[in-house]
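Q: sequence and predicted model, in that order:
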Amino acid sequence: MLLRTAIIDDDKVFCDILSHYISKIDLMELEAIYHDIPTVLNDNRAFKNLDLVFLDVELPGMTGIEFLETLENPPQVIIVSGKKEYGADAFDYNVLDYLKKPVSFSRFVKAVNKIQQKNAAPMPVDGLSDGHLFVRCDGLWKRLAFEEIQLIKGHNNSVVVKTEKESFHSPMRMKEIFERLPAGAFMQVHRSYIVNLNKIDKVDGEILEINKRTIPVSRTYIRELYERLHIER
C-alpha cells in the first residue's frame, strides 16, 4: 500500500530534500507540497485523503501545532523543526515522530518506519506476517523469515531470493517483493539487487559483500547506502 504523503513547510530547500528522500522509497508517493496553512485549508478535500504529513512548526499565519489543534481526524503526522523546544508540545498531539532539521536520510527512514510498525496487522492475503514473507516458488508459497533473507537478485521478470543455505527462484517481480519487505532492514542497491542491510559483511567503494557474495552498488544508491550504514566513503 502506498503512503500518500504531503509536506507542509515554508522552507523550499528543505521541501526539495524531503521530496528527494520520499522519491527513494517505493512505498511512498508525494501528493502535495504546501508552504502555508491557508493553502492547505483551501485544498481540504485532498488533504483528508493523505496517510502521512511532514509538518513544520514555524509557519506564517498559523503554527503547525495550532493547525494540529484544528484537525478532528488528522493523518499520521511527523513534525519537523529547526528547534528542539517544540518536541514536548508536539507529542501531546500523538504525532508519529519529531525531526530536528537538518534531517539525514537514515533519520528520515527511521521515522517513516514507525508508520509501518503502527499499521502492522495480522497476516493479510498478500503474504506478510510477523517478520515473515511468503514467496511464490515452484507453484507453492514458501515462507521465509526476513532475517533469513540475505539478498534478492532480479532476473528478467523474476527474482532469486538467497538465504545462507538456499536459493529460491520466484516469478515475482523486484518491485512486488520489495514492497513486502521492511524498509528499515532492506535496501535496493542496484537495479538488479536488494540486500538485507543486517547481512552486509564488507563495503569497498561501489562493491559490497554478503556471505562471500560480491554485489555491485549503483552510483544512484551509494550515498544512501553509506548513510544508512553510518560509514564514510
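A: Happy to help now that I have it. In this text, all values refer to a predicted model and were calculated from it rather than measured experimentally.
Q: quick one, domains of the chain?
A: Here the domain assignment for the chain is 3-118, 128-229, based on automatic domain parsing.
Q: export those domains as TSV, with columns for mean neighbour count and mean pLDDT.
A: Any C-beta I mention is one placed from the backbone N, CA and C, and that applies to glycine too. Listed next are those as TSV, based on neighbours: other Cβ atoms under 10 Å; pLDDT from 0 to 100:
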stretch	mean neighbour count	mean pLDDT
domain 3-118	16	86
domain 128-229	16	89
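Q: what sits up against the helix or strand that contains R4?
A: Per DSSP states H and E: R4 is located in strand 3-8. Applying Cβ atoms under 8 Å, 6 or more residues apart in numbering, the external contacts of strand 3-8 come out as 15, 18-19, 22, 27-35, 37, 40, 47, 49-56, 59, 64, 67, 112, 115.
Q: could you do stretch 16-36 as well?
A: Stretch 16-36 has contacts (Cβ under 8 Å, 6+ apart) with 1-10, 12, 15, 40, 43, 46-47, 49-50, 52, 54, 59-61, 80, 102-103, 105, 108-109, 112, 116, 175, 178-179, 183, 224.
Q: what's the single longest helix in the protein?
A: helix 105-118 (DSSP state H).
Q: and that one, what does it pack against?
A: The contact analysis (3 or more Cβ pairs under 8 Å, 6 or more residues apart in numbering; DSSP states H and E) places helix 105-118 against helix 12-23, strand 76-81, strand 97-100, helix 219-229.
Q: before we move on, back to that, go through the contacts of strand 3-8 and flag which are in strands.
A: Here DSSP state E is the test, and the contacts of strand 3-8 give M28, E29, L30, E31, A32, I33, Y34, L52, V53, F54, L55, D56 as lying in strands.
Q: beta partners of the second one?
A: For E29, the beta-bridge partners under DSSP bridges are R4.
Q: also the last one?
A: With beta bridges defined as DSSP bridges, D56 has these partners: V80.
Q: is it true that it touches I37?
A: No - the pair D56 / I37 is not scored as a contact, 10.1 Å apart, by Cβ atoms under 8 Å.
Q: helix, strand, or coil at the most far-flung residue of the chain relative to its centre?
A: In the chain, the residue that sits farthest from the middle, by Cα atoms, centre = their mean, is G61; the gap is 31.1 Å. Here G61 is coil, with the state taken from DSSP: H, G, I helix; E, B strand; the rest coil.
Q: quick one: it and K84, what's the gap?
A: Going from G61 to K84 by Cβ to Cβ, to the nearest Å gives 23 Å.
Q: same thing with E206?
A: E206 sits 37 Å away from K84, going by Cβ to Cβ.
Q: go on, Y221?
A: Applying Cβ to Cβ to Y221 and K84 gives a distance of 31 Å.
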